[in-house]
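Asker: Give me a 3D structure for the following:
(one chain, ligands or ions: 3)
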Amino acid sequence: MTSAAQQPDEPRAPGAGRPRGPVDSSRVPRYAGPATFARLPRLDEVGTADVAVVGVPFDTGVSYRPGARFGGNAIREASRLLRPYNPAQDASPFALAQVADAGDIAANPFNIDEAVETIQAAADDLLDTGARLMTLGGDHTIALPLLRSVARKHGPVALLHFDAHLDTWDTYFGAEYTHGTPFRRAFEEGLLDTSALSHVGTRGPLYGKKDLDDDEKMGFGIVTSADVMRRGVDEVAQQLRDRIGDRPLYVSIDIDVLDPAHAPGTGTPEAGGLTSRELLEILRGLAGCRMVSADVVEVAPAYDHAEITSVAASHTAYELTTLMSRGIAGSRAG
Ligand SMILES: N=C(N)NCCCC(=O)O
Ligand SMILES: [Zn+2]
Ligand SMILES: [Zn+2]
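Answerer: Ligands and ions are numbered 1, 2, ... in the order given. Purely as a prediction, here's the structure:
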């Protein structure tokens, strides 16, 4: 049996009342009960949310190790230890806005085209309620339908892409929808504001120099993993903020942006990555940007140890959620 502290309150009318926060971990042990993100209420318990945390258990687009279909639930499990006040941003994200767990999108694992359509339709439905999305992947293929959905609402968006990889390749085995190609498709479809596209944490071997030439022609700027080390997180965050300005911003975080020491549980690991401390600090430096939705992808728990990767991913999603909640509270205050 669950305790009273886990029972839903009365449903919250759209836009009304105080946000319902997480289960109180001083009353109900944090390891008890179902694992929603940060022990927040389910979306159906609160009716409507300012930020909807949604899982996309889909990994049919991978080119190497499979298993990111289990990433969302691993992040939810690891997120049991998150607490309601975020000192690094001096904010209580779940009090500033209603954040709720919208469950998983049921994407067809045997048909990528159909899965991409299903993911977009589900994202459209959530965005149409007025929510911003905090998506827990899934492999990086899912960024394409998410960007389609966000661009349908906001027009072409600024993109901040944290990843070891460019993910602007053309095709694999002739396939257009894969985890290495979402941002080329998004560029071709006009979903991106090409004056504000950045990769952060890029590193590792490529197929050829042309990969970089193509990427630059699409408008991307690159802050490599070594750049972050040499220049430091504050300068990097400042440069990113300047580039983004007040454009609607989509943030896509492939957990393999972290060094394999910080994120072993992923499908295409590359040496020489960011530390989790660097990633979290750069994200905190984005306060004030108009982040309209975000994803954390490529967590593959089968290769993880001691939840290293899913803990890092849960804190990453927590910082992103805090940024969105602060933005929502700020725009409410006028
Ligand atoms: N999006 C991720 N994680 N990886 C893309 C790697 C593509 C490749 O195998 O070359
Ligand atoms: Zn990657
Ligand atoms: Zn990626």
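Asker: what does this structure have sitting close to ligand 3?
Answerer: Residues of the chain lying close to ligand 3 (C-beta under 5 Å from the ion) are His140, Asp163, His165, Asp167, Asp254. Any C-beta I mention is one placed from the backbone N, CA and C, and that applies to glycine too.
Asker: among the residues you listed, which are in strands?
Answerer: If you go by DSSP state E, the residues of the chain next to ligand 3 have Asp254 in strands.
Asker: top of the residues of the chain next to ligand 3 by neighbour count?
Answerer: Comparing the residues of the chain next to ligand 3 by number of neighbours (other C-beta atoms under 10 Å), His140 comes first, having 30 neighbours.
Asker: By residue count, what's the longest helix in this structure?
Answerer: As assigned by DSSP state H, the longest helix anywhere in the chain is helix 308-332.
Asker: before we move on, the earlier item: among the residues of the chain next to ligand 3, which are in helices?
Answerer: Among the residues of the chain next to ligand 3, DSSP H puts none in helices.
Asker: would CSV of the residues of the chain next to ligand 3 with distance to ligand 1 and pLDDT be doable?
Answerer: Output for those, formatted as CSV (distance: C-beta to the nearest ligand atom, whole Å; pLDDT from 0 to 100):
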residue, distance to ligand 1, pLDDT
His140, 4, 99
Asp163, 6, 99
His165, 4, 99
Asp167, 5, 99
Asp254, 5, 99
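Asker: Distance to Thr202 added to the residues of the chain next to ligand 3, as JSON lines?
Answerer: Output for the residues of the chain next to ligand 3, formatted as JSON lines (distance: C-beta to C-beta, whole Å):
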{"residue": "His140", "distance to Thr202": "14"}
{"residue": "Asp163", "distance to Thr202": "7"}
{"residue": "His165", "distance to Thr202": "7"}
{"residue": "Asp167", "distance to Thr202": "10"}
{"residue": "Asp254", "distance to Thr202": "11"}
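Asker: Next, count neighbours for Tyr31.
Answerer: Residue neighbour count, defined by other C-beta under 10 Å, stands at 10 for Tyr31.
Asker: surely it meets Arg80?
Answerer: Yes: contact status for Tyr31 versus Arg80: in contact at 6.3 Å, counting by C-beta atoms under 8 Å.
Asker: Mind listing the shared neighbours of the two?
Answerer: Overlap of the contact sets of Tyr31 and Arg80 (by C-beta atoms under 8 Å, 6 or more residues apart in numbering) is empty.
Asker: Identify the nearest residue to whichever residue of the stretch 51-200 of the chain sits closest to ligand 3 in space, disregarding sequence-adjacent positions?
Answerer: Of the residues in the stretch 51-200 of the chain, the one nearest ligand 3 is His140, at a distance of 3.6 Å by C-beta to the ion. Nearest residue to His140, sequence neighbours excluded (C-beta to C-beta, 6 or more residues apart in numbering): His179, at 3.9 Å.
Asker: Asp113 too?
Answerer: Spatial nearest neighbour of Asp113, chain neighbours left out: Tyr177 (6.8 Å); criterion: C-beta to C-beta, 6+ apart.
Asker: Just to be sure, the one you found is in a helix?
Answerer: No: counting by DSSP: H, G, I helix; E, B strand; the rest coil, Tyr177 is not found in a helix; it is coil.
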